[in-house]
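Asks: sequence and predicted structure below; questions after.
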Amino acid sequence: MRYPRRILQLGFTLLLGACGGGGDDGGGGADAGTPTLGGTAIMGVSADFSGLNPVTNSAVATGDVINQMLFTPLIQYDQKLQPVPYLAERWELTDTSVTFLLRNDVTWHDGKPVTAEDVKFTFDMAKKPETASLLASAFLNQVKSATVRDPRTVHFTFEAPHAQALDGFYWAPLPKHLLGNMSPTELGQAPYNQQPVGSGPFKFGSWKKGERLTLVANPNFPQALGGRPNLDQMVFRVIPEATTMTTELLTGTADALGFTLQPDQAKQIEAQRSVTLNHYPSREFHYLGWNNTKEPFTDPRVRRALAMATNRGQMIEALLQGYGQPAHGMIPPWSPMYTATEGVPYNQAAARQLLTEAGWRDSNGDGILDKNGRPLRFNLLINTGSTLKADLATVIQRQLREIGVDAQINQVEFQTMLKQHKAREYDAVIANWSLDNFKVDPTPLFSCAEARKQGSANRTGYCNPQADQLLQQGLRATDANQAKQVWAQYNQLLQQDQPVTFLFWSEDLGAVGPRLQNVEMDVRSKLVNVEDWYIPANRRRS
């Protein structure tokens, strides 16, 4: 019998999932008897997924589907955010290396065994610069090489001793027998990404782009890892319009809402007795990104002044409905490495003074600051499909206009926005970033090495050798107190340079209807125990 994983018990009360609404009929939490096999659950999502490939993916929601449903990462995380065995049955860790022994009962969905060759192939592919893989920068930047010792054993050598080493292995291998002849440049556009052969508890079913992704239970998933999921199918329906999404949950057309629920939807759901709202501190922060390689954002005084002109507290109350807290860096408040940092204050007068020092004045009386005949005007890039980002852009536009800065909102389709953002073909952008794992590693966003790579996650082009030095010290500090001190210094330097203006840590929001049972959502994922979800036989759709 499978036992559902329990929600986080970290002693940090902020991490616990808080529930609002939900009556005696269920709301995802009522006792509906013993779980039974069968049924189809429908989760509403606001946007479609990207390619279902662990190496090329960079989207949060897609990553959750990959790691929790379609594939088997080397490790997973337990209730205390500690790495635990998954595809890797056990490991031997030293200061300079780690050796994983893989399970012998995990197979690809085509029946082939998952082997150490698959793991090494995936590592080698991710590390090739042409692949532009987030795995290389966010997970494997401290890992030098991989060696296959036998079909079940793979050995990794580190670049140098470093802290939180196992957190670098929260990723799933690809099947070498299907992709081994593909070049790194071809991988991102491979047909495989649209019809993946995975190794996880769910198998690919069908995908109608822009409408729905269907995954089906894998009957051959190892019993030791949970066995066959309770549900027959999980359908992710794309419902871009927020009001429609909420209505479908309340009327029972959808069983859950996931990526991404908006704060105003959450308030409406929280007031309903028939459904449950789950909210808890997330791994995601929103930020206002400046293109550090482009005027006028090459000047840190300008970036700092614009940060001073943004009222983050107002945003949290008015736009997040209180479901969030100010961000003063990329270390979340629930992390053991967190140190409270004094962020750039909201101070319009100080912002104007700093811009004056940088040479920006309203020389022609039109209300817009200018310098050498150029107005302080820029495009603020956001993607369609996000009410929150649209509202944030409007608020930021108004706040900056009060100090003589003209931000012109440029709203484009998400994939277009992402392409421009990665290519640094933008002035400023409102974006969000989700921590891929639970280690502290700002390398992808802020290292000089990533700034020099085309298409990297360092989309601002920020490079400060002093910050790089602190970054390396923090990564390699094996003493927790020492690491915490280094990260505090690093964070303070980011506040000074303002490569991005950190806005807030949002709370993660999810909702569950009365049919669906055993649903847990926490900081690990909205799908953290999806294999345990079930629908009682008398509540299934015919």
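Replies: Here it is on my side, so go on. Residues are numbered from 1 along each chain as shown.
Asks: name the nearest residue to Phe414, ignoring sequence neighbours.
Replies: The shortest distance from Phe414 to any non-neighbouring residue, by CB to CB, 6 or more residues apart in numbering, is to Asn383 (4.2 Å). For every residue, glycine as well, the C-beta is placed using N, CA and C.
Asks: tell me the phi and psi of the one you found?
Replies: phi -100, psi 150 (degrees, to the nearest 10).
Asks: can you point me to the longest strand in this structure?
Replies: With DSSP state E setting the assignment, residue counts place strand 276-290 as the longest strand in the chain.
Asks: pairing partners for that strand, with directions?
Replies: Under the criterion DSSP bridges, strand 276-290 sits next to strand 18-21 (antiparallel), strand 428-434 (antiparallel), strand 500-512 (antiparallel) in its sheet.
Asks: rewinding a little: neighbours of the residue nearest to Phe414, how many?
Replies: 21 (other CB atoms under 10 Å).
Asks: pick the most buried one from the strands paired with strand 276-290.
Replies: Of all the strands paired with strand 276-290, strand 500-512 has the most neighbours on average by mean count of other CB atoms under 10 Å, namely a mean of 26.
Asks: look up phi and psi at the residue located most distally from the centre of the chain.
Replies: Going by CA atoms, centre = their mean, the residue of the chain most distant from its centre is Asn364, 44.7 Å out. With angles defined as degrees, to the nearest 10, Asn364 sits at phi -110, psi 10.
Asks: residues contacting it?
Replies: Going by CB atoms under 8 Å, 6 or more residues apart in numbering, Asn364 touches Asp370.
Asks: re the thing from before, so what pairs up with the residue nearest to Phe414 in the strands?
Replies: Beta-bridge partners of Asn383, as defined by DSSP bridges: Val412.
Asks: that one contacts Gln411, correct?
Replies: Yes. Counting by CB atoms under 8 Å, Asn383 does reach Gln411; the two are 7.2 Å apart.
Asks: from Ser386, how far off is Leu527?
Replies: 21 Å (CB to CB, to the nearest Å).
Asks: for Ala47, which non-adjacent residue is spatially closest?
Replies: Nearest to Ala47 is Gly385, by CB to CB, 6+ apart, at 5.3 Å.
Asks: what's the one you found in contact with, if anything?
Replies: Gly385 neighbours (CB under 8 Å, 6+ apart): Ser46, Ala47, Pro240, Glu413, Phe414.
Asks: now, which of those residues lie within helices?
Replies: In helices, defined here by DSSP state H, the members of these are Phe414.
Asks: can you tell me which of the contacts of Gly385 are classed as buried?
Replies: Buried by 16 or more other CB atoms under 10 Å: Ser46, Ala47, Phe414, out of the contacts of Gly385.
Asks: mind checking pLDDT for the second one?
Replies: So the one you mean is Ala47. At Ala47, the predicted lDDT confidence score is 90.
Asks: please apply the same query to Tyr3.
Replies: 30.
Asks: cool, Ser434 as well?
Replies: 83.
Asks: pretty sure it sits against Ala59.
Replies: No. Applying CB under 8 Å, one finds Ser434 not in contact with Ala59, separated by 9.2 Å.
Asks: check contacts around Ala163.
Replies: Counting by CB under 8 Å, 6+ apart, Ala163 has contacts Lys439, Leu475, Arg476, Ala477, Thr478, Ala483.
Asks: SS state for it?
Replies: coil (DSSP: H, G, I helix; E, B strand; the rest coil).
Asks: try Gln79
Replies: coil.
Asks: how deep is it tucked in, by neighbour count?
Replies: With other CB under 10 Å as criterion, Gln79 counts 16.
Asks: roughly how far does it sit from Ala349?
Replies: Distance from Gln79 to Ala349, by CB to CB: 48 Å.
Asks: so which of the contacts of Ala163 wins on neighbours?
Replies: Busiest of those [other CB under 10 Å] is Leu475, holding 23 neighbours.
Asks: name the nearest residue to that one, sequence neighbours excluded.
Replies: His162 (5.2 Å).
Asks: residues contacting the one you found?
Replies: So His162 contacts Gln142, Leu475, Arg476, Thr478 (CB under 8 Å, 6+ apart).
Asks: for my notes, confirm Gln466 occurs in a strand.
Replies: No. Gln466 is assigned helix when assessed by three-state DSSP, not a strand.
Asks: looks like Gln164 contacts Ala477 (just checking).
Replies: No. Look at Gln164 against Ala477 with CB under 8 Å: they stay out of range, at 10.1 Å.
Asks: now the strands for the stretch 201-350 of the chain?
Replies: For the stretch 201-350 of the chain, applying DSSP state E, counting those that start in this stretch gives strands covering 202-208, 212-217, 233-238, 256-257, 276-290, 324-326.
Asks: single out the most deeply packed of those strands.
Replies: By mean count of other CB under 10 Å, these have strand 256-257 as the most buried, with a mean of 30.
Asks: need the contact partners of stretch 181-201.
Replies: Counting by CB under 8 Å, 6+ apart, 51-53, 55-56, 66, 68-72, 87, 106-110, 114, 125, 128, 130-132, 172-173, 175, 178-179, 204, 207, 217-218, 221, 225-226, 228-229, 530-531 sit against stretch 181-201.
Asks: one more: stretch 289-307?
Replies: Contacts of stretch 289-307 (CB under 8 Å, 6+ apart): 288, 344, 350-352, 354-355, 357-358, 360, 371, 376, 378, 400, 403, 405, 421, 424, 426-431, 459-463, 496-501.
Asks: from the residues you listed, which land in helices?
Replies: Per DSSP H, the subset of these in helices is Ala350, Ala351, Arg352, Leu354, Leu355, Glu357, Leu400, His421, Gln496, Asp497.
Asks: residue ranges with poor pLDDT in the protein?
Replies: The chain contains residues with pLDDT under 70 at 1-32, 542.
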